[in-house]
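[1] turn this into a structure:
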Amino acid sequence: MNMAPRQLPDRLLTALLLAGLTFAAGAQDKPDDIRLPDLGSSANALISPQEAQDYGAMMLQQMRALDMVVNDPLLDDYINDLGFRLVANSAKPKDHFAFFIARDPVINAFSAPGGYIGINSGLITITRSEDELAAVMAHEIGHITQNHLQRAYESAKKDTPLMALVALGAIAAGGVAGGQAAAAALIGGQGVLMQKEINFTRKDEAEADRTGIQTLAKSGFDPNAMAGFFQRMEDVMSADAGGVDVPSLLLDHPVTAQRISDAKARATALIAAQKEQPSGNLLDKSSWSRQTAPIAYVKDPTTLLAPSHQAGQEPSTYLLMRERVRVLSDDAYRMSTYYSSLLARSDGSYDTLENHYGYALALTRSDQGSKAIEQLQPLLGKYPGSLVLRLAMADARLQAGQRAAALDIYAALNTQSPRNKAIGVAYANALTLGGSKAQAAQAADMLRPMLEDTDEPDLFTAYARASERAGDAVRAGEAYAQASYLSGRPFDAMEQLKTLLKRNDLDYYARARIQAHIADLTPLVMELRKRRISTDDNPDGSGQFASPSGTRMGMVRGESEP
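    Coordinates of the predicted model:
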């Protein structure tokens, strides 16, 4: 458990979101012959790769603190597997990237420093195929690999010298307390950052399209998907306005006919090149997604047409994950009504596997596990080996009070995929809640190896609960603190660690671990307190700690900072 301090206050988050590169983000009205230079080392002089990565990590943590991220291990694995499939075929396959789903109905996606790419839930739920989703992600990857964010900051530095001073101040702070404190120092100029929205040239957008289409094709996706998605956006804009809600992205950043034409031309050229050199293996058409039923943008969400699953094939992971996003980013009771209305339609046009799966998830989340089981049984009868459907059935049985049956399914899944985080968290929670001390210890042992390479707070929370139930209060306390930190609550994490350090039963190794965690957090907490920056657990920036119960705590007399 490495607790490197990477917390970003909400006002700096706002600045980051303003500065973020958005999919279909508008090229500004700068002349085409004005080309920002390839910054290279100049970009690194503004902010180093490690500082950029710390900056992006802080953004993600603060978004979690504000409940702006869909935290779900299954979805996290899916979106990252898809993202790294694209990264492997990008211009910079060895660079740091991280993908996450933002809890936001707005049709959009954005890039942030350090290779962090957020895909809004609203965008995922309106895509018609995995190719379209991959096209959006490939475009964002293109922005990062082509250094567009650094170019934008360089341009802002030229336009607003104070902007450069803010960045230089961050680096100066980083030289003293590390890159994590550097991001906290940036807050000193947050007013400037928020007033200076970063713009990008038409050439930047075209370059992201071009490199994105190449990445898309090399990764085995349909290179026409990007142009197809653009065209669908354009069709929405030009449609009769009666009853249609135009996506916010289109109002702010219109998709041009030229951009659609260019995307089609690039895709056509790639396909032609493949025909001339069939052994090049540039395009693997067998992997292209073909779920292409129309989707309407309307006020009534029940009219969003879902692509039908083709009989005789294994369930489409993309289709199931799309409905999972829809359910987990909305109110469970409202979504159960939504799917019930779809499936009740007399023409049967919505009687699809993915809609039944979405309905089962919504029922489970709204405490109707028995009804969820009824939805899932026919699906599993047809696809008994589906990990996603089996996991949903285990969750439904557990909610319905069938704990033994649920544990049997979880155990079988864990044997099949022992390092799967989605299975591990669900199984561990089932063992811990209502289980014996021995079962809780089993859960903790199962989760411990998964903590080494994750920044998901839910996993640390599950491990903390299991350890606590198993009688290991020290490990539980460390994990609870890490979960607080990863959820954007550094002051809470510090207070928990300091309280834990006062225990009389700590052995040498436990005390050393806790002291190391405190040392990691100290520069960030001191910087935030010095600048009186508000965080979710320190909203007034007073420097007092917020206890888990919500009461304010000052410094313990005689203790050193923090």
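[2] so which strand or helix has the closest residue to residue 359 other than its chain neighbours?
    Using C-beta to C-beta, 6 or more residues apart in numbering and skipping the chain neighbours, the partner closest in space to residue 359 is residue 339 (3.6 Å). Every C-beta, even on glycine, is put in place using the N, C-alpha and C of the backbone. Element membership for residue 339, per DSSP states H and E: helix 332-343.
[3] mean confidence for stretch 102-120?
    For stretch 102-120, mean pLDDT rounds to 88.
[4] and it, end to end?
    Counting by C-alpha to C-alpha, to the nearest Å, you get 5 Å between the two ends of stretch 102-120.
[5] in it, which residues are buried?
    Within stretch 102-120, the residues that qualify as buried by neighbour count (16 or more other C-beta atoms under 10 Å) are 102-105, 107-120.
[6] likewise stretch 332-349?
    Buried, per 16+ other C-beta under 10 Å, within stretch 332-349: 332, 335-336, 338-339, 342-343.
[7] between these, which is nearest residue 462?
    residue 332 (20.3 Å; C-beta to C-beta).
[8] was I right to think that closest one contacts residue 362?
    Yes - judged on C-beta atoms under 8 Å, residue 332 makes contact with residue 362 at a distance of 5.4 Å.
[9] hang on, the earlier thing: residues making contact with the helix holding residue 339?
    Surrounding helix 332-343, the residues in contact under the criterion C-beta atoms under 8 Å, 6 or more residues apart in numbering are 301-302, 306, 326-327, 350-351, 355-356, 358-359, 361-363, 365-366, 368.
[10] do stretch 462-470 as well
    424-425, 428-429, 431-433, 435, 437, 440-441, 443-444, 447-448, 451, 473, 475-477, 479-480, 483.
[11] which of those residues fall in helices?
    Counting by DSSP state H, the contacts of stretch 462-470 place 424-425, 428-429, 431-432, 437, 440-441, 443-444, 447, 473, 475-477, 479-480, 483 in helices.
[12] buried only: go through those residues for me.
    424-425, 428-429, 431-432, 440-441, 443-444, 447, 475-477, 479-480, 483.
[13] touching, residue 215 and residue 93? I think so.
    No - if you go by C-beta under 8 Å, residue 215 and residue 93 don't touch, sitting 9.8 Å apart.
[14] who has more neighbours, these two?
    Taking neighbours as other C-beta atoms under 10 Å, residue 215 and residue 93 compare with residue 215 leading, 27 against 13.
[15] host element of that one?
    Using DSSP H and E, residue 215 falls in helix 202-218.
[16] which positions in stretch 378-387 come out as buried?
    379, 383, 386-387.
[17] biggest helix in this structure by residues?
    helix 508-530.
[18] which elements pack onto that helix?
    helix 161-177, helix 179-185, helix 473-486, helix 490-501 (3 or more C-beta pairs under 8 Å, 6 or more residues apart in numbering; DSSP states H and E).
[19] orientation of it relative to helix 490-501 in degrees?
    150 degrees (axes from the mean of the first three to the mean of the last three C-alpha atoms, to 10 degrees).
[20] helix 508-530 to helix 473-486, inter-axis angle?
    30 degrees.
[21] next, the buried residues of helix 508-530.
    Under 16+ other C-beta under 10 Å, the buried positions of helix 508-530 are 510, 513-514, 517-518, 520-529.
[22] kindly report the same for stretch 125-132.
    Neighbour-count burial for stretch 125-132 [16+ other C-beta under 10 Å]: 125-132.
[23] follow-up on the earlier one: mind putting the buried residues of stretch 332-349 in JSON lines, pLDDT included?
    Below are the buried residues of stretch 332-349 laid out as JSON lines (pLDDT from 0 to 100):
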{"residue": "332", "pLDDT": "96"}
{"residue": "335", "pLDDT": "97"}
{"residue": "336", "pLDDT": "97"}
{"residue": "338", "pLDDT": "97"}
{"residue": "339", "pLDDT": "97"}
{"residue": "342", "pLDDT": "95"}
{"residue": "343", "pLDDT": "96"}
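[24] what is the neighbour count of residue 68?
    20.
[25] find the nearest non-adjacent residue to it, please.
    residue 103 (5.4 Å).
[26] shouldn't that neighbour be in contact with residue 329?
    Yes - look at residue 103 against residue 329 with C-beta under 8 Å: they come within range, at 5.1 Å.
[27] can you list residues touching both of these two?
    In contact with both residue 103 and residue 329: 70, 121, using C-beta under 8 Å, 6+ apart.
[28] columns distance to residue 405 on top of the buried residues of stretch 332-349, output as JSON lines?
    Output for the buried residues of stretch 332-349, formatted as JSON lines (distance: C-beta to C-beta, whole Å):
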{"residue": "332", "distance to residue 405": "22"}
{"residue": "335", "distance to residue 405": "25"}
{"residue": "336", "distance to residue 405": "22"}
{"residue": "338", "distance to residue 405": "28"}
{"residue": "339", "distance to residue 405": "24"}
{"residue": "342", "distance to residue 405": "28"}
{"residue": "343", "distance to residue 405": "25"}
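[29] closest one to residue 372 out of those, please.
    Distances from these to residue 372 were compared by C-beta to C-beta; the smallest belongs to residue 336, at 9.3 Å.
[30] so what's the closest one closest to, chain neighbours aside?
    Closest to residue 336 by C-beta to C-beta, 6+ apart is residue 362, at 4.0 Å.
[31] any idea how far residue 121 is from that neighbour?
    15 Å (C-beta to C-beta, to the nearest Å).
[32] the two: who's more crowded?
    residue 362 (28 against 23).
[33] assumed that one was part of a strand.
    No - applying DSSP: H, G, I helix; E, B strand; the rest coil, one finds residue 362 to be helix, outside a strand.
[34] for residue 105, grab phi and psi.
    phi -70, psi -10 (degrees, to the nearest 10).
[35] thought it was touching residue 122?
    Yes - in this structure residue 105 lies within contact range of residue 122 using C-beta under 8 Å: 4.0 Å.
[36] and which of the buried residues of helix 508-530 is nearest to residue 455?
    residue 520 (13.9 Å).
[37] pLDDT value on the closest one, please?
    So, for residue 520, pLDDT stands at 91.
[38] and it, how far is that from residue 527?
    Using C-beta to C-beta, which is the criterion applied here, residue 520 is 13 Å from residue 527.
[39] do residue 468 as well
    Distance of residue 468 to residue 527, computed by C-beta to C-beta: 32 Å.
[40] residue 271 now?
    Counting by C-beta to C-beta, the gap from residue 271 to residue 527 is 52 Å.
[41] what's the answer for residue 52, then?
    For residue 52, the distance to residue 527 - C-beta to C-beta - is 18 Å.
[42] try residue 74
    For residue 74, the distance to residue 527 - C-beta to C-beta - is 36 Å.
[43] look up phi and psi at residue 107.
    Main-chain torsions, residue 107, degrees, to the nearest 10: phi -80, psi 100.
[44] skipping adjacent residues, who's closest to residue 101 in space?
    Per C-beta to C-beta, 6+ apart, closest to residue 101 is residue 70, 4.3 Å.
[45] picking up where we left off before, just the buried residues of stretch 332-349 now: which is nearest residue 142?
    residue 335 (33.7 Å).
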